[in-house]
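>>> have a look; sequence and predicted model below, questions after that.
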Amino acid sequence: MSDYYLRTNTEAQMYAAFASIGIDVQGVDGECHSLDGNRIDIGWIGPVTWIDPVTGQTQTDGRFHANLRVAGELTPAQIAALPILDPPPSQPMRVWA
């Protein structure tokens, strides 16, 4: 099982990224699909807001975020087509249970 954290500038770009690997997403949190015989789960997040622990100020990353869990492996071409954060966040705002 592999987990990926994705980020694009817009929601439309996130739709296009999933379409590029053959997944027609609906933009609903908790979506499940099959890709090359593997189950994939999508955490559809959108912009992320948090409180900065140093300043106490609310911070927002207005870019579009999604999490992807693959029960199996993506191909190198699929990985290259997705906007995967590298390195992944050290303290992600949302993780899989």
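Now that the structure is in, tell me what you want to look at. Numbers count the residues shown, from 1 in each chain.
>>> please count neighbours and contacts with C-alpha atoms only from this point.
Fine.
>>> what stretches of this protein score poorly on pLDDT?
For the chain, residues meeting the criterion pLDDT under 70 lie at 93, 95-97.
>>> may I see the buried residues of the longest helix belonging to it?
Longest helix in the chain, counting residues (DSSP state H): helix 11-20. Of the residues in helix 11-20, Glu11, Met14, Tyr15, Ala16, Ala17, Phe18 count as buried by neighbour count, 16 or more other CA atoms under 10 Å.
>>> roughly how far does the residue lying closest to the third one once chain neighbours are set aside sit from Thr58?
Ranked by CA to CA, 6 or more residues apart in numbering and with sequence neighbours excluded, the top spatial neighbour of Tyr15 is Val25, at 6.5 Å. Val25 sits 30 Å away from Thr58, taking CA to CA, to the nearest Å as the criterion.
>>> can you check Met1 too?
For Met1, the distance to Thr58 - CA to CA - is 34 Å.
>>> who are the neighbours in contact with Val48?
Val48 is in contact with Thr60, Asp61, Gly62, Arg63, Phe64, His65, Met93, counting by CA atoms under 8 Å, 6 or more residues apart in numbering.
>>> output stretch 50-70 as CSV, nothing but the C-alphas.
Taking Å, rounded to 0.1, in the frame of the first residue of the first chain, the C-alpha atoms of stretch 50-70 are listed here in CSV:
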residue,chain,number,x,y,z
TRP,A,50,-3.9,25.8,10.1
ILE,A,51,-2.7,27.9,13.1
ASP,A,52,1.0,28.7,13.0
PRO,A,53,2.4,27.4,16.3
VAL,A,54,5.0,30.2,16.5
THR,A,55,2.8,33.2,15.7
GLY,A,56,-0.6,31.9,16.6
GLN,A,57,-1.9,33.4,13.3
THR,A,58,-4.2,31.5,11.0
GLN,A,59,-2.4,30.5,7.8
THR,A,60,-4.0,29.3,4.5
ASP,A,61,-2.5,27.5,1.6
GLY,A,62,-5.1,28.2,-1.1
ARG,A,63,-3.7,25.7,-3.5
PHE,A,64,-5.7,22.4,-4.0
HIS,A,65,-4.7,19.3,-2.0
ALA,A,66,-5.7,15.7,-2.2
ASN,A,67,-4.4,12.5,-0.6
LEU,A,68,-4.2,9.2,-2.6
ARG,A,69,-3.9,5.7,-1.2
VAL,A,70,-3.1,2.9,-3.6
